[in-house]
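[1] pasting the sequence and the predicted model now:
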Amino acid sequence: RKEVEQDPGPFNVPEGATVAFNCTYSNSASQSFFWYRQDCRKEPKLLMSVYSSGNEDGRFTAQLNRASQYISLLIRDSKLSDSATYLCVVNEGTGRRALTFGSGTRLQVQP
Amino acid sequence: DAGVIQSPRHEVTEMGQEVTLRCKPISGHDYLFWYRQTMMRGLELLIYFNNNVPIDDSGMPEDRFSAKMPNASFSTLKIQPSEPRDSAVYFCASRQQDGTANYGYTFGSGTRLTVV
């Protein structure tokens, strides 16, 4: 079983749509959670951290459910520029400072 | 700040040759990570360093891979001998140290390696 699992997509949505991505992680001791964005043939870039109480950054909302070991990302009012792969990322616990990346969910926003 | 700098951007080499990838982390960052990305396996951690000391190399695929960090501003990942299955994008990333792991990484632009 993969440590971080995501639906690979692709999600094809029209501009202005709301889209949600989900992710599950296997290690209940995981401490830190992030969403990264990766454009085609580019490096991953930090989109946002995910906090237990949920957090919002403009059109982006991230939620964490520790009991279900589940993370989500909601994008409202999708833009063409949101087209990318979204990587769910987890830090697995004390003593280990390395992040574990999901395989990513591809989003294509269409005009 | 120039960010994390990797070189070369692209490398094409013949099977059996030695390949050396280079990384300069962001100044002041205490952690450096090497990842490999393929379509099949996604992003996989190879090794990471803290204050130039290798902490976890359990992701290094086999003895053909080695990594060094001789000082705080430079790291290398070497593959000797290279094989076609090593073809991937190799990313270096760095982050600053703090009491938690709540900071994300900054990635370099990656080295696209093709072994023919």
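    Arrived safely, thanks for sending.

[2] which parts of chain B are strands?
    B:5-7, B:10-13, B:19-24, B:31-38, B:42-50, B:53-56, B:65-71, B:74-79, B:88-95, B:106-107, B:111-115 (DSSP state E).

[3] now do the first one, average pLDDT.
    Model confidence over strand B:5-7 averages 97 on the pLDDT scale.

[4] next: the shortest one.
    Taken as a whole, strand B:106-107 has an average pLDDT of 93.

[5] partners of whichever helix or strand A:Val109 is part of in the sheet?
    Applying DSSP states H and E as the criterion places A:Val109 in strand A:105-110. The strands beside strand A:105-110 in its sheet (DSSP bridges) come out as strand A:11-14 (parallel), strand A:84-91 (antiparallel).

[6] related to what we said a few turns ago, mean neighbour count for the strands of chain B - can I get that in TSV?
    Backbone N, C-alpha and C define where each C-beta goes, glycine included. Formatted as TSV, those follow (neighbours: other C-beta atoms under 10 Å in any protein chain shown):
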stretch	mean neighbour count
strand B:5-7	17
strand B:10-13	14
strand B:19-24	20
strand B:31-38	23
strand B:42-50	20
strand B:53-56	14
strand B:65-71	15
strand B:74-79	19
strand B:88-95	24
strand B:106-107	22
strand B:111-115	18
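
[7] quick one, which of those strands is nearest to A:Pro44?
    With C-beta to C-beta as the measure, strand B:106-107 is the member of those nearest A:Pro44 (5.5 Å).

[8] is the closest one anywhere near chain A?
    Yes: looking at strand B:106-107 against chain A by C-beta under 8 Å from any C-beta of the partner chain, the contacts come from B:Thr106, B:Phe107.

[9] how about stretch B:81-97?
    Yes: judged by C-beta under 8 Å from any C-beta, stretch B:81-97 comes into contact with chain A at B:Phe91, B:Arg95.

[10] buried residues in stretch A:51-65?
    Using 16 or more other C-beta atoms under 10 Å in any protein chain shown as the test for burial, stretch A:51-65 gives A:Phe60, A:Thr61, A:Ala62, A:Gln63, A:Leu64.

[11] how many neighbours does the closest residue to A:Asp39 other than its chain neighbours have?
    In space, A:Asp39 comes closest to A:Ala84 once its chain neighbours are excluded; the distance is 5.0 Å by C-beta to C-beta, 6 or more residues apart in numbering or on different chains. The number of residues packed around A:Ala84, counting by other C-beta atoms under 10 Å in any protein chain shown, is 21.

[12] distance check, A:Ala84 against A:Asn12.
    13 Å (C-beta to C-beta, to the nearest Å).

[13] before we move on, the earlier item: distance of the residue nearest to A:Asp39 from A:Gly102?
    The gap separating A:Ala84 from A:Gly102 is 14 Å, by C-beta to C-beta.

[14] do A:Ala17 as well
    Relative to A:Gly102, A:Ala17 is positioned 22 Å away (criterion: C-beta to C-beta).

[15] ok, back up a step: using PDB, write out every CA atom in the strand holding A:Val109.
    Taking only C-alpha atoms (Å, rounded to 0.1, in the frame of the first residue of the first chain), the coordinates of strand A:105-110 have been written out as PDB:
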ATOM      1  CA  THR A 105      -3.800  14.500  -9.300                       C
ATOM      2  CA  ARG A 106      -3.800  16.200 -12.700                       C
ATOM      3  CA  LEU A 107      -6.200  19.100 -13.200                       C
ATOM      4  CA  GLN A 108      -7.100  20.500 -16.700                       C
ATOM      5  CA  VAL A 109      -9.200  23.600 -16.600                       C
ATOM      6  CA  GLN A 110     -10.900  24.200 -20.000                       C
END
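
[16] done for today, thanks.
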